[in-house]
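Q: quick check, what structure comes out for this input:
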Amino acid sequence: MSTALTLYEIVDDYQALLDTAEGGVPEEQQDEFYLALLEKDLALKSKVDGAAQFLTYCEQMEQNCDREILRLKALKENFSKTKERFSGYVINIIHAQGKDQKGKWRKLEGNSNVLTIKQGTSYSTAITDEAEVPVQYKKYTISVPAEAWEAFLSNIDIEAAEGIQRLISVEASCDKNAIKDVIKAKMAEVEKALPENTPEAEKEAAIDAARISTIPGAAVIVNKPISLVRK
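A: Numbers count the residues shown, from 1 in each chain. This next block holds a predicted model:
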(Lines give C-alpha, C1' and ligand atoms only; values in the text may rest on other atoms or scores of the structure.)
Protein backbone atom coordinates (compact mmCIF):
# COMPACT_ATOMS: atom_id res chain seq x y z
CA MET A 1 0.00 0.00 0.00
CA SER A 2 1.43 3.41 -1.03
CA THR A 3 2.35 5.76 1.82
CA ALA A 4 3.18 8.75 -0.42
CA LEU A 5 1.34 11.89 0.57
CA THR A 6 -1.00 13.61 -1.84
CA LEU A 7 -0.52 17.22 -2.93
CA TYR A 8 -3.46 18.18 -0.73
CA GLU A 9 -1.90 16.47 2.32
CA ILE A 10 1.51 18.06 1.74
CA VAL A 11 0.01 21.56 1.35
CA ASP A 12 -2.06 21.00 4.48
CA ASP A 13 0.99 19.84 6.50
CA TYR A 14 3.13 22.68 5.17
CA GLN A 15 0.51 25.26 6.07
CA ALA A 16 0.22 23.76 9.54
CA LEU A 17 3.99 24.15 10.04
CA LEU A 18 3.85 27.77 8.89
CA ASP A 19 1.02 28.44 11.32
CA THR A 20 3.12 26.88 14.08
CA ALA A 21 6.10 29.08 13.15
CA GLU A 22 3.92 32.19 13.43
CA GLY A 23 2.90 31.17 16.94
CA GLY A 24 6.50 30.67 17.99
CA VAL A 25 8.60 27.52 18.40
CA PRO A 26 10.44 26.74 21.63
CA GLU A 27 14.18 27.27 21.23
CA GLU A 28 15.03 23.67 22.07
CA GLN A 29 12.71 22.45 19.25
CA GLN A 30 13.71 24.97 16.60
CA ASP A 31 16.39 22.82 14.89
CA GLU A 32 14.04 19.87 14.59
CA PHE A 33 11.15 22.12 13.55
CA TYR A 34 12.99 23.99 10.81
CA LEU A 35 14.44 20.73 9.48
CA ALA A 36 10.89 19.36 9.20
CA LEU A 37 9.81 22.64 7.55
CA LEU A 38 12.66 22.39 5.03
CA GLU A 39 11.81 18.76 4.23
CA LYS A 40 8.14 19.66 3.77
CA ASP A 41 9.09 22.64 1.57
CA LEU A 42 11.22 20.41 -0.66
CA ALA A 43 8.44 17.80 -0.79
CA LEU A 44 5.91 20.48 -1.74
CA LYS A 45 8.10 21.86 -4.54
CA SER A 46 8.65 18.35 -5.89
CA LYS A 47 4.93 17.56 -5.71
CA VAL A 48 4.01 20.84 -7.47
CA ASP A 49 6.53 20.08 -10.23
CA GLY A 50 5.02 16.60 -10.57
CA ALA A 51 1.51 18.06 -10.80
CA ALA A 52 2.61 20.56 -13.45
CA GLN A 53 4.36 17.84 -15.44
CA PHE A 54 1.24 15.67 -15.30
CA LEU A 55 -0.89 18.58 -16.58
CA THR A 56 1.62 19.13 -19.39
CA TYR A 57 1.40 15.41 -20.24
CA CYS A 58 -2.42 15.60 -20.32
CA GLU A 59 -2.30 18.64 -22.60
CA GLN A 60 0.12 16.90 -24.96
CA MET A 61 -2.08 13.80 -25.07
CA GLU A 62 -5.11 16.01 -25.73
CA GLN A 63 -3.28 17.61 -28.68
CA ASN A 64 -2.25 14.17 -29.93
CA CYS A 65 -5.87 13.04 -29.77
CA ASP A 66 -6.98 16.12 -31.74
CA ARG A 67 -4.43 15.31 -34.45
CA GLU A 68 -5.50 11.67 -34.48
CA ILE A 69 -9.17 12.66 -34.76
CA LEU A 70 -8.36 14.86 -37.76
CA ARG A 71 -6.39 12.02 -39.33
CA LEU A 72 -9.20 9.51 -38.79
CA LYS A 73 -11.82 11.96 -40.11
CA ALA A 74 -9.78 12.41 -43.28
CA LEU A 75 -9.33 8.64 -43.58
CA LYS A 76 -13.06 8.06 -43.07
CA GLU A 77 -13.92 10.66 -45.69
CA ASN A 78 -11.53 9.03 -48.13
CA PHE A 79 -13.07 5.57 -47.62
CA SER A 80 -16.59 7.04 -47.87
CA LYS A 81 -15.78 8.63 -51.23
CA THR A 82 -14.11 5.44 -52.45
CA LYS A 83 -17.16 3.39 -51.42
CA GLU A 84 -19.48 5.87 -53.16
CA ARG A 85 -17.48 5.77 -56.40
CA PHE A 86 -17.22 1.98 -56.43
CA SER A 87 -20.92 1.57 -55.59
CA GLY A 88 -21.74 3.79 -58.58
CA TYR A 89 -19.50 1.61 -60.75
CA VAL A 90 -21.34 -1.56 -59.65
CA ILE A 91 -24.76 0.13 -60.06
CA ASN A 92 -23.84 1.04 -63.65
CA ILE A 93 -22.94 -2.59 -64.33
CA ILE A 94 -26.31 -3.77 -62.96
CA HIS A 95 -28.11 -1.14 -65.03
CA ALA A 96 -26.31 -2.43 -68.10
CA GLN A 97 -27.71 -5.93 -67.39
CA GLY A 98 -31.26 -4.58 -67.64
CA LYS A 99 -34.36 -5.84 -65.83
CA ASP A 100 -35.79 -9.36 -65.74
CA GLN A 101 -39.26 -10.43 -66.90
CA LYS A 102 -40.76 -9.26 -63.60
CA GLY A 103 -39.37 -5.79 -64.10
CA LYS A 104 -36.71 -6.15 -61.39
CA TRP A 105 -33.06 -5.33 -61.82
CA ARG A 106 -30.89 -8.39 -62.39
CA LYS A 107 -28.56 -9.43 -59.62
CA LEU A 108 -24.82 -10.01 -59.60
CA GLU A 109 -24.33 -13.31 -57.79
CA GLY A 110 -21.09 -14.57 -56.25
CA ASN A 111 -20.32 -17.71 -54.26
CA SER A 112 -21.49 -16.22 -50.97
CA ASN A 113 -22.67 -12.71 -51.82
CA VAL A 114 -25.31 -11.09 -54.01
CA LEU A 115 -25.18 -7.51 -55.26
CA THR A 116 -28.34 -5.81 -56.38
CA ILE A 117 -29.84 -2.33 -56.40
CA LYS A 118 -32.76 -0.94 -54.45
CA GLN A 119 -34.81 2.10 -55.32
CA GLY A 120 -36.02 3.90 -52.23
CA THR A 121 -38.52 6.72 -51.83
CA SER A 122 -38.13 9.87 -49.78
CA TYR A 123 -40.39 12.88 -49.50
CA SER A 124 -39.68 16.56 -48.89
CA THR A 125 -41.99 19.57 -48.75
CA ALA A 126 -41.78 22.52 -51.13
CA ILE A 127 -43.61 25.77 -50.39
CA THR A 128 -44.55 27.24 -53.76
CA ASP A 129 -46.59 30.18 -52.43
CA GLU A 130 -46.55 30.76 -48.69
CA ALA A 131 -49.44 33.23 -48.86
CA GLU A 132 -51.69 30.50 -50.31
CA VAL A 133 -50.93 27.93 -47.59
CA PRO A 134 -53.97 27.53 -45.26
CA VAL A 135 -53.50 28.90 -41.75
CA GLN A 136 -53.82 25.45 -40.12
CA TYR A 137 -50.47 24.54 -41.67
CA LYS A 138 -48.66 27.63 -40.38
CA LYS A 139 -46.86 28.56 -37.20
CA TYR A 140 -46.43 32.06 -35.84
CA THR A 141 -43.42 33.10 -33.79
CA ILE A 142 -44.29 36.21 -31.80
CA SER A 143 -41.56 38.41 -30.30
CA VAL A 144 -42.06 41.30 -27.89
CA PRO A 145 -39.63 43.18 -25.59
CA ALA A 146 -39.65 41.53 -22.15
CA GLU A 147 -40.06 44.83 -20.29
CA ALA A 148 -43.13 45.77 -22.31
CA TRP A 149 -44.64 42.31 -21.83
CA GLU A 150 -44.12 42.36 -18.07
CA ALA A 151 -45.70 45.80 -17.88
CA PHE A 152 -48.62 44.56 -19.97
CA LEU A 153 -49.20 41.56 -17.68
CA SER A 154 -49.08 43.68 -14.54
CA ASN A 155 -51.52 46.28 -15.88
CA ILE A 156 -53.74 44.86 -18.59
CA ASP A 157 -55.96 47.52 -20.11
CA ILE A 158 -56.94 48.81 -23.55
CA GLU A 159 -54.17 51.40 -23.68
CA ALA A 160 -51.55 48.82 -22.67
CA ALA A 161 -52.88 46.35 -25.23
CA GLU A 162 -52.60 48.94 -27.99
CA GLY A 163 -49.07 49.81 -26.91
CA ILE A 164 -47.94 46.19 -26.82
CA GLN A 165 -49.45 45.58 -30.25
CA ARG A 166 -47.13 48.18 -31.76
CA LEU A 167 -44.10 46.41 -30.29
CA ILE A 168 -45.02 42.89 -31.35
CA SER A 169 -43.26 41.32 -34.33
CA VAL A 170 -44.78 38.24 -35.93
CA GLU A 171 -42.85 35.76 -38.06
CA ALA A 172 -44.88 33.18 -39.99
CA SER A 173 -43.55 29.80 -41.08
CA CYS A 174 -45.15 26.74 -42.65
CA ASP A 175 -45.34 23.41 -40.83
CA LYS A 176 -43.66 21.35 -43.53
CA ASN A 177 -43.98 18.05 -41.67
CA ALA A 178 -47.74 18.45 -41.26
CA ILE A 179 -48.09 19.45 -44.91
CA LYS A 180 -46.03 16.47 -46.03
CA ASP A 181 -48.09 14.02 -43.94
CA VAL A 182 -51.39 15.32 -45.36
CA ILE A 183 -50.21 15.22 -48.97
CA LYS A 184 -48.65 11.77 -48.62
CA ALA A 185 -51.90 10.46 -47.15
CA LYS A 186 -53.84 11.96 -50.06
CA MET A 187 -51.43 10.42 -52.61
CA ALA A 188 -51.85 7.01 -50.98
CA GLU A 189 -55.64 7.44 -50.93
CA VAL A 190 -55.69 8.31 -54.66
CA GLU A 191 -53.47 5.36 -55.53
CA LYS A 192 -55.63 2.95 -53.53
CA ALA A 193 -58.84 4.20 -55.19
CA LEU A 194 -57.55 3.57 -58.72
CA PRO A 195 -58.65 0.33 -60.46
CA GLU A 196 -55.94 -2.34 -60.71
CA ASN A 197 -55.91 -2.18 -64.50
CA THR A 198 -55.27 1.58 -64.60
CA PRO A 199 -52.47 2.32 -67.07
CA GLU A 200 -49.22 3.33 -65.38
CA ALA A 201 -49.19 6.75 -67.03
CA GLU A 202 -52.70 7.56 -65.77
CA LYS A 203 -51.83 6.32 -62.30
CA GLU A 204 -48.75 8.52 -62.15
CA ALA A 205 -50.74 11.52 -63.39
CA ALA A 206 -53.45 11.05 -60.74
CA ILE A 207 -50.92 10.67 -57.93
CA ASP A 208 -48.94 13.65 -59.23
CA ALA A 209 -52.09 15.77 -59.21
CA ALA A 210 -52.61 14.91 -55.55
CA ARG A 211 -48.96 15.73 -54.89
CA ILE A 212 -49.23 19.29 -56.15
CA SER A 213 -52.87 20.29 -55.55
CA THR A 214 -53.90 18.82 -52.19
CA ILE A 215 -52.79 21.89 -50.21
CA PRO A 216 -52.71 25.30 -51.92
CA GLY A 217 -49.26 26.85 -52.09
CA ALA A 218 -47.45 23.62 -51.23
CA ALA A 219 -46.35 20.37 -52.82
CA VAL A 220 -44.37 17.28 -52.01
CA ILE A 221 -41.17 16.43 -53.85
CA VAL A 222 -40.68 12.70 -54.35
CA ASN A 223 -37.10 11.49 -54.55
CA LYS A 224 -36.24 7.93 -55.56
CA PRO A 225 -32.56 7.38 -54.79
CA ILE A 226 -30.92 4.17 -55.95
CA SER A 227 -28.62 2.34 -53.55
CA LEU A 228 -26.45 -0.76 -53.81
CA VAL A 229 -27.56 -3.68 -51.63
CA ARG A 230 -25.38 -6.57 -50.46
CA LYS A 231 -26.97 -9.86 -49.45
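Q: what's around the residue nearest to Ile168 when sequence neighbours are not counted, how many residues?
A: On the basis of C-beta to C-beta, 6 or more residues apart in numbering, the spatially nearest residue to Ile168 that is not a chain neighbour turns out to be Val144, at 4.9 Å. Quick note: C-beta positions are derived from backbone N, CA and C, even for glycine. Neighbouring residues of Val144 were enumerated by other C-beta atoms under 10 Å; the total is 14.
Q: just the pLDDT for the residue nearest to Ala51 when sequence neighbours are not counted.
A: The shortest distance from Ala51 to any residue other than its chain neighbours is 5.7 Å, reached at Leu7 (C-beta to C-beta, 6+ apart). Looking at Leu7, its pLDDT is 86.
Q: number of residues surrounding Leu7?
A: Other residues near Leu7 come to 13 when the count uses other C-beta under 10 Å.
Q: give me phi/psi at it?
A: Summarising the backbone geometry of Leu7 under the convention degrees, to the nearest 10, its torsions are phi -60, psi -40.
Q: that one touches Ala52, doesn't it?
A: No - distance between Leu7 and Ala52: 10.7 Å, which falls outside the contact criterion (C-beta atoms under 8 Å).
Q: how about residues contacting the strand or helix carrying Tyr140?
A: For Tyr140, the element it lies in under DSSP states H and E is strand 138-143. Under the criterion C-beta atoms under 8 Å, 6 or more residues apart in numbering, residues Ile168, Ser169, Val170, Glu171, Ala172, Ser173, Cys174, Asp175 lie in contact with strand 138-143.
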